[in-house]
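J.: Please work out how this folds:
(one chain, ligands or ions: 3)
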Amino acid sequence: MTWVAEAAGSAYGVHNLPYGVFRSAGRSPRIGVRVGDFVLDLDGAEAAGLVLAGDALRQPTLNAFLALGRAQWTTVRTRIVELLTAEEHRAAVQPLLVPLDQVELVLPFEVGDYVDFYSSEHHASNVGQIFRPGGQSLLPNWRHLPVGYHGRAGTVVASGTPVVRPMGQRNTPDGPVYGPSTRLDIEAEVGFVVGVPSPLGGRVGVDDFAAHVFGVVLLNDWSARDIQAWEYQPLGPFLGKSFCTSISPWVVPLEALADAWVPAPAQEPAVLDYLRDVPHLGLDLRLTVDWNGTRVSEPPFAGMYWTPAQQLAHLTVNGAALRTGDLYASGTVSGPRRDQVGSFLELTWGGAEKVLLADGSTRTFLADGDTVTIGATAPGPDGTTVGLGEVVGTIAPARPD
Ligand SMILES: O=C(O)/C=C/C(=O)CC(=O)CC(=O)O
Ligand SMILES: [Ca+2]
Ligand SMILES: [Mg+2]
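T.: Ligands and ions are numbered 1, 2, ... in the order given. This next block holds a predicted model:
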């Protein structure tokens, strides 16, 4: 039991301990770990010799710590639990706790390469029907490999960063026009953060997932559907998605999700050998999507067809190297029901059905000034809950020429 007031019984108790980077009192960014409604200053803790990680915790990003690997991640976590639970450490550690409402949370790691998958069967078939009516809702490759694309790492931003409505080209009955996107959307996703790199020419097998992946964030893959629909064939998403991707500030370590693994959906037809993960497990993460404070959806991550281990194995099967800070996203998380979808494209069925918000206004796609909050929880040990925090973004008006 932790001695930190209010942390016991919270979704951010010592069973969670997500890592982030924060600024407070005018100081430069420092690494911290969340406990209850406090941030434990790990820069200060390592400076004081309370936790030792070869100065990896004394950096402005998590990257050096991410590169240390599973054995050291576990050593540091065990030590932090000890510091927060043993009464003897209280006097030394208490001054390093900063109230959460006094900090600004920044991007927790420098993003290496960013990949986005397309692993929800419900999302893929909904989008197929909306974008390609009359065609096959799932393309023939979909059950054989986790479809994905490389996104733009440099535009991955911290939660809370304003999302400027993109300008771009869309098609109309009178031909293409240039202007602000009129169909701005979200995609509720889960991002996996790579810690340990792999060499060019190497492959990371399905069994090596936990040796390379440190933890998870929530991710909003903002998408301009009008730009996307016009530009995407035959090479896939480009400017309709590269303008901004937001991630949650707290990287939840895999250790905190040990009780959240559940059998993933059976795969038929059987996958090729390099994709066969035994056991075949997904994560029971329960997402929420709030549009200007109205809960519009609760996407269930447990139903994702492709698992994170399969995605990583596929991502590297051609010999592509991994770097510390690489981020790969699950793809939009949509369940079978309309109140479980991870995009407004699906929620409004291509803009055909309006959504009623609590203030009495209606929407199809995002209006300027709208705020979207994606949150999630997972089952923790002994009936506890693990909080994954939130990824938030508010739409700022386009900046026309
Ligand atoms: O099917 C398409 O043409 C497009 C699909 C997407 O927009 C989805 C994408 O970004 C991947 C995902 O989030 O699932
Ligand atoms: Ca996406
Ligand atoms: Mg994006």
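J.: Please spell out which residues along stretch 152-167 are buried.
T.: 152-153, 155-161, 163-167 (16 or more other Cβ atoms under 10 Å). C-betas here are computed from N, CA, C, even on glycine.
J.: before we move on, what about stretch 370-377?
T.: Neighbour count says stretch 370-377 has 370, 372-377 buried, by 16+ other Cβ under 10 Å.
J.: Identify, from those, the entry nearest to ligand 1.
T.: Of all the buried residues of stretch 370-377, residue 374 has the smallest distance to ligand 1: 12.8 Å, by Cβ to the nearest ligand atom.
J.: Format the CA atom coordinates belonging to whatever helix or strand that closest one lives in as PDB.
T.: Assigned by DSSP states H and E, residue 374 belongs to strand 371-379. This file holds the C-alpha atoms of strand 371-379, laid out as PDB (Å, rounded to 0.1, in the frame of the first residue of the first chain):
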ATOM      1  CA  THR A 371     -12.800  19.300 -28.300                       C
ATOM      2  CA  VAL A 372     -12.400  15.600 -28.500                       C
ATOM      3  CA  THR A 373     -11.100  13.600 -25.500                       C
ATOM      4  CA  ILE A 374     -10.200   9.900 -25.800                       C
ATOM      5  CA  GLY A 375      -9.600   8.000 -22.600                       C
ATOM      6  CA  ALA A 376      -9.200   4.400 -21.600                       C
ATOM      7  CA  THR A 377      -9.000   2.000 -18.700                       C
ATOM      8  CA  ALA A 378      -7.800  -1.600 -18.300                       C
ATOM      9  CA  PRO A 379      -8.300  -4.200 -15.600                       C
END
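J.: so after it, what's the next helix or strand?
T.: The C-terminal neighbour of strand 371-379 among helices and strands, as given by DSSP H and E, is strand 385-396.
J.: Parallel or antiparallel, list what pairs with that following strand.
T.: Sheet partners assigned to strand 385-396 using DSSP bridges are listed as strand 163-164 (parallel), strand 371-379 (antiparallel).
J.: Kindly state the domain boundaries assigned to the chain.
T.: According to automatic domain parsing, the chain comprises the domains 5-106, 114-396.
J.: which phi and psi does the residue in the stretch 251-400 of the chain positioned nearest to ligand 1 have?
T.: The stretch 251-400 of the chain approaches ligand 1 most closely through residue 331 (3.1 Å), counting by Cβ to the nearest ligand atom. Backbone torsions for residue 331, taken as degrees, to the nearest 10, come to phi 100, psi 160.
J.: quick revisit: adding distance to residue 397, write the strands paired with strand 385-396 out as JSON lines.
T.: JSON lines is the format used below for those (distance: least, Cβ to Cβ, whole Å):
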{"stretch": "strand 163-164", "distance to residue 397": "8"}
{"stretch": "strand 371-379", "distance to residue 397": "14"}
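J.: How about the residues of this protein by ligand 2?
T.: 116, 187, 221 (Cβ under 5 Å from the ion).
J.: quick one: the second one from residue 245, how far?
T.: Translated: residue 187. 9 Å (Cβ to Cβ, to the nearest Å).
J.: So for those two, which residue has more residues nearby?
T.: Of the pair residue 187 and residue 245, residue 245 is the one with more neighbours under other Cβ atoms under 10 Å, namely 28 against 25.
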